[in-house]
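Participant: here is my input; please provide its structure:
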Amino acid sequence: MQEFINEIWPKLHDLAEPAFEEVNTSAFVAERLREFGYAVQTEVGKTGVVGVLDSGKPGPTVALRSDMDCLTFKQTDGSLKRIHACGHDGHMTIALGVAKMFAEQGVPCGRVKMLFQPAEEIGKGALAMLDDGALDDVDSVIGYHLMPKDMAKSGQIIPQLNWTACTLMEGEIKGLAAHGSQPHLGINAIDIGAAVVAAINALHTNPLLCGNVKTTRFLGGSGSLNAICDKVNIGFDLRTTSNKEMLDLRERVHDTVINIAKAYGTEAECHIVGTCPAAEADPSLLKLTQDAIVEELGMDALLAAHSITVGEDFNFFKQERPHLKTASLGIGCDLEPGLHDPEMHYDLAALEGAIKVLFRLMNKIIAE
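Facilitator: Now for the predicted structure:
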């Protein structure tokens with residue numbers, strides 16, 4: 001398997017294509033799956049790929065999801081460079097490795113489904129695949145992510161990642177322009193924005209749910225220094241471990257912006273730019289996951305479940321299809337210096353252990 005990894009990974013690493021542009025990546029993945037004997041569907045969720053291996057016997061459909069898109073970085077000369085700086089090249093390598101093992105050893109019953117998802121980095125790929133029906137016949141779906149070294153070292157695996165709900169919101173506050181010598185004739189949008197920031201900072205959240213809101217953008221007053229500002233653009237980052245609290249938090253941020261503007265005698269708007277739900281892992285899969293890790297890699301490889309303050313659109317699968325059983329694993333691979341760093345690198349040898357664990361886990365779920 002390590003020889004397969006060493007062959008496949010460099011090709012996927014070099015393909016690096018951003019969200020919804022994974023055309024060559026999809027073609028490469030689809031070709032490999034066909035070589036393994038999978039029934040393949042392309043252009044799922046625009047640029048996604050689905051591979052199915054059917055045992056021909058009654059049983060559940062268990063899916064494994066890998067994301068495909070890369071990140072784009074601006075270079076010192078102003079040019080843009082596409083880099084797999086979030087480990088999706090490793091994710092695809094792992095999924096193809098698992099697909100190869102099923103092709104070689106067979107599916108005991110039911111079906112296995114390989115989901116190669118586009119556009120995770122912009123939080124839209126999972127929903128696109130759901131819209132195209134890729135999860136309609138799935139009973140369980142497994143996700144995973146390469147983890148920074150400080151969370152999991154090479155050869156270690158986190159059996160359950162508790163991803164955080166994340167929402168990005170943006171607002172525009174409308175003021176009224178006036179000359180600085182006659183401020184009473186205008187409405188200073190900067191004053192309103194400052195009041196909004198103070199009110200946002202005063203919002204109380206449940207500390208047990210790790211809820212918080214931060215003002216992350218404040219743009220306004222680009223005109224003359226002696227002019228009253230007539231517009232401010234403001235942005236917020238909202239996070240919590242509870243999907244229910246996130247709904248409440250969004251409403252409170254929206255109402256804060258609107259009502260403070262109204263108190264100043266003007267108007268504002270506030271809308272959601274992007275969002276990812278929190279993880280809702282299934283306890284029934286946690287024991288199976290832990291057992292699969294120990295059986296393949298030993299007790300030293302098994303870490304505790306881990307909460308992480310990052311969003312992941314994998315969690316849309318459970319939110320939109322509540323009947324699904326889901327599991328999300330964290331793969332240790334000595335990843336440094338960190339995710340989304342253009343200099344990110346990791347231990348390819350750790351991918352083989354991840355492949356074996358996921359293969360065993362899927363077989364355990366099929367057998368349940």
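Participant: next one: the helix or strand containing residue 291 to chain centre, how far?
Facilitator: Here residue 291 sits within helix 283-297, counting by DSSP states H and E. Offset of helix 283-297 from its chain centre (Cα atoms, centre = their mean, to the nearest Å): 23 Å.
Participant: distance of residue 206 from residue 139?
Facilitator: 33 Å (Cβ to Cβ, to the nearest Å). For every residue, glycine as well, the C-beta is placed using N, CA and C.
Participant: which of these two has more neighbours?
Facilitator: Set residue 206 next to residue 139 and count neighbours by other Cβ atoms under 10 Å: residue 139 wins out with 19 against 12.
Participant: for that one, give me its contacts.
Facilitator: 60-62, 323-325 (Cβ atoms under 8 Å, 6 or more residues apart in numbering).
Participant: and what of residue 86?
Facilitator: 70-71, 121, 339-340, 344.
Participant: how about residue 269?
Facilitator: Residue 269 neighbours (Cβ under 8 Å, 6+ apart): 171-172, 257-258.
Participant: could you dump these to TSV with secondary structure and neighbour count?
Facilitator: Converted to TSV, the contacts of residue 269 look like this (DSSP: H, G, I helix; E, B strand; the rest coil; neighbours: other Cβ atoms under 10 Å):
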residue	secondary structure	neighbour count
171	strand	23
172	strand	18
257	helix	26
258	helix	17
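Participant: in JSON lines, list those residues along with pLDDT.
Facilitator: Output for these, formatted as JSON lines (pLDDT from 0 to 100):
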{"residue": "171", "pLDDT": "97"}
{"residue": "172", "pLDDT": "97"}
{"residue": "257", "pLDDT": "98"}
{"residue": "258", "pLDDT": "98"}
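Participant: which two of the residues you listed have the greatest separation?
Facilitator: Using Cβ to Cβ, the contacts of residue 269 span at most 11.1 Å, a distance reached by 172 and 258.
Participant: tell me, what's touching these two both at once?
Facilitator: 268-270.
Participant: would you map the strands across the stretch 101-250 of the chain?
Facilitator: For the stretch 101-250 of the chain, applying DSSP state E, counting those that start in this stretch gives strands covering 111-117, 140-148, 157-158, 161-163, 165-174, 178-179, 212-220, 227-228, 231-240.
Participant: now distance to residue 25 too, for the ones you listed, in JSON lines please.
Facilitator: JSON lines is the format used below for the strands of the stretch 101-250 of the chain (distance: least, Cβ to Cβ, whole Å):
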{"stretch": "strand 111-117", "distance to residue 25": "8"}
{"stretch": "strand 140-148", "distance to residue 25": "17"}
{"stretch": "strand 157-158", "distance to residue 25": "25"}
{"stretch": "strand 161-163", "distance to residue 25": "24"}
{"stretch": "strand 165-174", "distance to residue 25": "25"}
{"stretch": "strand 178-179", "distance to residue 25": "54"}
{"stretch": "strand 212-220", "distance to residue 25": "31"}
{"stretch": "strand 227-228", "distance to residue 25": "49"}
{"stretch": "strand 231-240", "distance to residue 25": "29"}
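Participant: which one of those lies nearest to residue 294?
Facilitator: Comparing the strands of the stretch 101-250 of the chain by Cβ to Cβ, strand 157-158 comes nearest, at 9.8 Å.
Participant: other residues contacting that closest one?
Facilitator: 147, 151-152, 293, 297, 301-306, 329-332, 353-354, 357.
Participant: emit the ChimeraX select command for whichever of these are buried.
Facilitator: To isolate the buried ones among the contacts of strand 157-158 in ChimeraX, judged by 16 or more other Cβ atoms under 10 Å, type:
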select :147,151,152,293,297,301,302,303,329,330,331,332,353,354,357
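Participant: take the contacts of strand 157-158 and keep only those in helices.
Facilitator: Cross-referencing those against helices under DSSP state H gives 293, 297, 353-354, 357.
Participant: now the terminal residues of stretch 44-63, how far apart.
Facilitator: Counting by Cα to Cα, to the nearest Å, you get 15 Å between the two ends of stretch 44-63.
Participant: and for stretch 97-117?
Facilitator: Per Cα to Cα, the first residue of stretch 97-117 is 16 Å away from its last.
Participant: likewise for stretch 319-339?
Facilitator: Across stretch 319-339, the terminal residues are separated by 25 Å (Cα to Cα).
Participant: pull out the buried positions in it.
Facilitator: 319, 324-335, 339.
Participant: same question, stretch 247-257
Facilitator: Residues of stretch 247-257 classed as buried by neighbour count (16+ other Cβ under 10 Å): 249-250, 252-254, 256-257.
Participant: how far away from the center of its chain is stretch 200-218?
Facilitator: For stretch 200-218, the distance to the chain centre is 21 Å (Cα atoms, centre = their mean).
Participant: give me the residues contacting it.
Facilitator: Residues contacting stretch 200-218 (Cβ under 8 Å, 6+ apart): 164, 170, 193, 196-197, 232-242, 245, 249, 252-253, 256, 307, 309.
Participant: flag the shaky bits of the stretch 201-350 of the chain, pLDDT-wise.
Facilitator: By pLDDT under 70, the stretch 201-350 of the chain contains no weakly predicted segment.
Participant: make it 90
Facilitator: 204-211, 221-224, 280-284, 307, 309 (pLDDT under 90).
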